[in-house]
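Peer 1: Pasting a predicted model and its sequence here:
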Amino acid sequence: MQNLARFRGVAIAFALALTALPGVLRAASLDPNNPTGAAGLVLIDKLGHHVRFFDPVAFNEISSVEVGVTPHDLAISPDHKTVYTPVYGDGVYGRNPHPAHTVAIIDLPTRTVTGMIDVSPYQAPHGIQIDNAGMLYVTCDLSRKLLVIDPKKRAIEAAIDTEGTGHWIAVLPDGSKAYVTNKNDRLFVSVIDLKARKMIGRVPAPNGTEGIVASPDGRRVLVADHAEPAIFVIDTATDTVVDKIPMKGNTKGLYKVRYTPDGTTVLAMNSTESLINIFSASNLHSDQHVLTVGKAPMGFAFSPDDKTALIANHGDGTVSVIDLHKSQVVSSFVGGTGIETLSYY
């Protein structure tokens, strides 16, 4: 009886602890592609050809590993033990003379490279997402494919045609569909059925598209317009555009868009003009806070307490620190040579 009482007491304490957690942590567990955590901070230094590890509070570098030329996006395994980063090659989108063909596997507890996934014959792996079962989804823009990869086997399970040179990808939180942006060669967003493993639709995008993100509930996908300072909204039930949100204070096309992990706020990024727009997720047409950050921002990260957003500034190697409650840039730190993206874990 004493053991039973002790067990019940522990169970009640655990349940109370869960209810006390910030909403960001509870929401984050629903979408493996919007991770956060308190264990560390990982930065993909594209121009420096390294993955760097920083203290998540003091923002000082702890260690780094070289992974090849050049790492781009990242995905973190649901158990937060592994980070995967595509190695793209020595060029940029549209000019990549020596495309690479690997995805680096890095063990987070030891901060070491434990292997590479060879995606040959496909070339230039770029955008990457992961589902709750740990399966990877990687765009290869030169090959016009979305690869389905089993990281445990280090093997490609499927290569799905995207028609366009897919660059960025958003996988719905339930893993049912993926949406692939085509920057300017195909004027639509490719819709992929991940269960049938085939392309099932094209959402028109007359200006081309850049960054893309699924809402935490999977009902909407937000897409950065390549030419106009706007975000358009896709209804995932019908795969149609249902809204368009102009970005205050911007004059150029956007680069990326993200939800905060708790789903309450949207941040849009203009890499050309070094701007971040912050506004409500529940009312996409609400007033926007417009902030200036470092040169050529390219990536977002969100702290587990829902207080801080980090902006990776590819153009000057810095990271801007935003107080989300005040909607202000409060500091910055040097993160490397040119950071493509980053994440708390």
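Peer 2: Nice, I can see it. Numbers count the residues shown, from 1 in each chain.
Peer 1: For the rest of this, base every contact and every neighbour count on C-alpha atoms.
Peer 2: Noted.
Peer 1: Hmm, residue 260 is touching residue 266, no?
Peer 2: Yes: in this structure, residue 260 is within contact of residue 266 by CA atoms under 8 Å, at 6.3 Å.
Peer 1: Pick out whichever of the two has more residues nearby.
Peer 2: For residue 260 versus residue 266, the count of surrounding residues by other CA atoms under 10 Å is larger for residue 260: 26 against 21.
Peer 1: for that one, what are its contacts?
Peer 2: Contacts of residue 260 were listed using CA atoms under 8 Å, 6 or more residues apart in numbering, and they are 24, 34, 266, 267, 302, 306.
Peer 1: Tell me which two in those are the farthest apart.
Peer 2: The most widely separated members of the contacts of residue 260, counting by CA to CA, are 24 and 267 (15.2 Å).
Peer 1: doesn't residue 43 make contact with residue 62?
Peer 2: No: Residue 62 is not in contact with residue 43 according to CA under 8 Å; the separation is 11.4 Å.
Peer 1: which one of these two has more residues nearby?
Peer 2: Each of residue 62 and residue 43 has its neighbours counted (other CA under 10 Å); residue 43 has more, 27 against 12.
Peer 1: Look up which residues are beta-bridged to that one.
Peer 2: With beta bridges defined as DSSP bridges, residue 43 has these partners: residue 52, residue 342.
Peer 1: Where does the spatially closest residue to residue 284 that is not a sequence neighbour sit, in terms of helix or strand?
Peer 2: Counting by CA to CA, 6 or more residues apart in numbering, residue 284 lies nearest to residue 245, which is 6.9 Å off, once chain neighbours are set aside. Element membership of residue 245 [criterion: DSSP states H and E] is strand 240-246.
Peer 1: What lies in contact with stretch 326-333?
Peer 2: For stretch 326-333, contacts defined as CA under 8 Å, 6+ apart pick out 59, 278, 289, 291, 292, 293, 318, 319, 320, 321, 322, 323.
Peer 1: excluding its backbone neighbours, what's nearest the first one?
Peer 2: Same thing as residue 59. For residue 59, the closest residue by CA to CA, 6+ apart turns out to be residue 333, at 7.1 Å.
Peer 1: beta partners of that neighbour?
Peer 2: With DSSP bridges applied, the residues forming beta bridges to residue 333 are residue 319.
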